[in-house]
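Asks: Provided below are the primary sequence and the corresponding predicted coordinates.
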Amino acid sequence: MSDGTKTAISEARKDYGATAPADNASSFDANGLTEAEAVEAGLRQLEARNVHWYSYLLTLDFWAVIAIGQILSLCITGTNTFSTFLAMKGTSIPAFQTIFNYVLLTLIYLPVTLYHHGHRKYLQIVWRDGWKYLILSFLDVEGNYFTVLAYRYTNILSAQLLNFWAIVCVVIISFFLLRVRYKLFQVAGILVCCGGMGVLLASDHLTGVNGGAGVDMVKGDLFGLLGATFYGISNVYEEWFVSKRPVYEVLSFLGVFGILINGVQAGIFDRQSFQGATWDGPVAGYLVGYTLALTIFYSLVPLILRMGSAAFFDISLLTANFWGVIIGIRVFGYAIHFMYPIAFVLIIVGLVVYFLAGSVLGDSKKPWLGDNQADGVAGIGTAKLKALNEAKKARLADESQA
């Protein structure tokens with residue numbers, strides 16, 4: 001057993017009051033480490049590796065979280081593109097078109113949740129935590145609705161500027177409610193990303209593609225501000241949820257309650273638009289494309305919230321405008337401005353800076369779960385699972401040396 005492993009296990013046993021022999025500490029079962037001790041030992045081992053300011057940048061997790069962020073941006077670009085196609089066909093039904101996403105989430109994740117929990121436990125979760133999931137779904141639905149509604153009244157430039165408010169909300173709420181303490185490099189990374197987005201917006205303004213004067217700028221800006229606020233709160237709330245509960249459970253409730261809330265909203269606000277909409281083969285195809293892109297987006301968001309954070313998630317989406325232009329060149333005949341590549345590089349650099357001088361765990365170690373992540377779930381992307389895997393590696397290494 002290596003000296004580092006022995007030290008980590010010894011400290012874990014000291015913290016948890018374990019009395020098992022030190023030589024058997026590499027296995028966490030009835031005769032060795034408990035899960036809590038294994039997590040403690042694994043975390044100590046992982047964090048001891050943080051010997052350079054660029055340590056996290058050399059890990060597979062860093063490149064994975066960057067890649068996932070860009071996939072999410074492409075999904076957002078896809079939904080915006082299909083929404084544009086629908087609007088061009090005279091079918092503008094923002095609440096109704098989103099309901100299919102919640103239906104698909106329910107069809108995919110509710111059976112998985114029932115399989116893992118069983119009907120009895122599922123009903124207990126509904127009774128105990130149903131109201132929490134209802135709030136999460138409400139925030140998510142309203143964030144979608146008011147953001148789309150803002151584009152009806154204000155111009156594109158104003159709507160995009162208001163999206164920055166979601167990042168501000170995430171940082172403030174995470175700081176005060178979840179006890180997240182941002183490092184200097186994280187703040188610098190966010191500012192660099194926002195600077196990149198500013199370059200994008202400036203190029204839109206210079207080339208005259210900012211949408212011109214809106215129908216009712218004040219009304220549209222207020223809707224955009226409200227939508228960004230709902231988005232920011234829901235992102236932090238979902239990060240808190242997926243760090244404590246299985247992803248399939250969170251997404252199943254998001255789907256079920258999303259259907260109910262979005263259905264009522266569509267019935268109230270989309271009736272006239274629904275009656276005057278165009279319904280043909282291409283519209284059906286656009287709805288399918290929109291739904292698939294949005295469902296992939298929702299399925300990947302919990303992963304980036306676990307591996308990264310709500311703040312990193314929001315700043316990753318800033319590149320969506322760049323991908324939108326790239327697709328728009330081929331689909332809508334846009335002309336790319338020379339400032340777009342500069343803006344994209346700035347945003348990516350900002351994402352890299354965000355993780356400078358951080359531990360090898362990045363943002364996956366959540367402060368609200370306790371120092372040893374005792375209140376968290378050991379799911380994919382979590383620091384707890386990484387720690388358990390590290391403890392298993394140590395055990396296997398010891399067994400091979402025996």
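Replies: Cool, the structure landed.

Asks: Give me the below-cutoff pLDDT ranges for the stretch 251-400 of the chain.
Replies: 332-336, 357, 396-400 (pLDDT under 70).

Asks: try 80
Replies: Applying pLDDT under 80 to the stretch 251-400 of the chain flags residues 269-277, 321-322, 324-340, 357-359, 394-400.

Asks: Can you show me the helices along it?
Replies: Here the stretch 251-400 of the chain has its helices, by DSSP state H, counting those that start in this stretch, at 271-275, 281-307, 310-316, 320-331, 339-354, 383-401.

Asks: Among those helices, show me which one is buried the most.
Replies: Using mean count of other Cβ atoms under 10 Å, the stretch among those with the largest mean neighbour count is helix 310-316, at a mean of 27. Every C-beta, even on glycine, is put in place using the N, C-alpha and C of the backbone.

Asks: Need the CA coordinates for it. CSV is fine.
Replies: Output in CSV follows, covering the C-alpha atoms of helix 310-316 (Å, rounded to 0.1, in the frame of the first residue of the first chain):
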residue,chain,number,x,y,z
ALA,A,310,-24.8,26.1,-12.7
ALA,A,311,-22.5,29.1,-13.3
PHE,A,312,-20.3,27.1,-15.7
PHE,A,313,-23.4,25.7,-17.4
ASP,A,314,-24.7,29.2,-18.1
ILE,A,315,-21.4,30.7,-19.4
SER,A,316,-21.0,27.6,-21.6
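
Asks: same for it, what does it pack against?
Replies: Helices and strands touching helix 310-316, as assessed by 3 or more Cβ pairs under 8 Å, 6 or more residues apart in numbering; DSSP states H and E, comprise helix 60-88, helix 164-177, helix 184-207, helix 217-242, helix 281-307, helix 339-354.

Asks: longest helix of the chain?
Replies: In the chain, with assignment by DSSP state H, the single longest helix is helix 94-153.

Asks: Can you give me the distance of the closest residue to residue 179 other than its chain neighbours to residue 121?
Replies: Counting by Cβ to Cβ, 6 or more residues apart in numbering, the nearest residue to residue 179 once its immediate chain neighbours are dropped is residue 367, at 4.6 Å. Residue 367 is 29 Å from residue 121, where distance means Cβ to Cβ, to the nearest Å.

Asks: cool, residue 84 as well?
Replies: From residue 84 over to residue 121 (counting by Cβ to Cβ), the distance is 43 Å.

Asks: neighbour count winner among the two?
Replies: Each of residue 84 and residue 121 has its neighbours counted (other Cβ atoms under 10 Å); residue 84 has more, 15 against 12.

Asks: how about the residue lying closest to residue 347 once chain neighbours are set aside, what does it touch?
Replies: Computed as Cβ to Cβ, 6+ apart, the closest residue to residue 347 that is not its neighbour in sequence is residue 196, at 3.7 Å. Contacts of residue 196 were listed using Cβ atoms under 8 Å, 6 or more residues apart in numbering, and they are 318, 342-347, 349-350.

Asks: how about the helices and strands packed on helix 310-316, which one is nearest residue 384?
Replies: Evaluated over the helices and strands packed on helix 310-316, closeness to residue 384 peaks at helix 281-307, with 9.8 Å, by Cβ to Cβ.

Asks: Now do the closest one: which elements does it pack against?
Replies: Contact analysis of helix 281-307 by 3+ Cβ pairs under 8 Å, 6+ apart lists helix 60-88, helix 94-153, helix 217-242, helix 247-269, helix 310-316 as its packing neighbours.

Asks: mind checking how far that helix is from the chain centre?
Replies: Computed by Cα atoms, centre = their mean, to the nearest Å, the chain-centroid distance of helix 281-307 equals 13 Å.

Asks: Just want the angle from that helix to helix 247-269.
Replies: 140 degrees (axes from the mean of the first three to the mean of the last three Cα atoms, to 10 degrees).

Asks: Any figure for the gap between residue 307 and residue 363?
Replies: Applying Cβ to Cβ to residue 307 and residue 363 gives a distance of 7 Å.

Asks: Please apply the same query to residue 392.
Replies: 23 Å.

Asks: Residue 374 now?
Replies: To residue 363, residue 374 is 18 Å away according to Cβ to Cβ.
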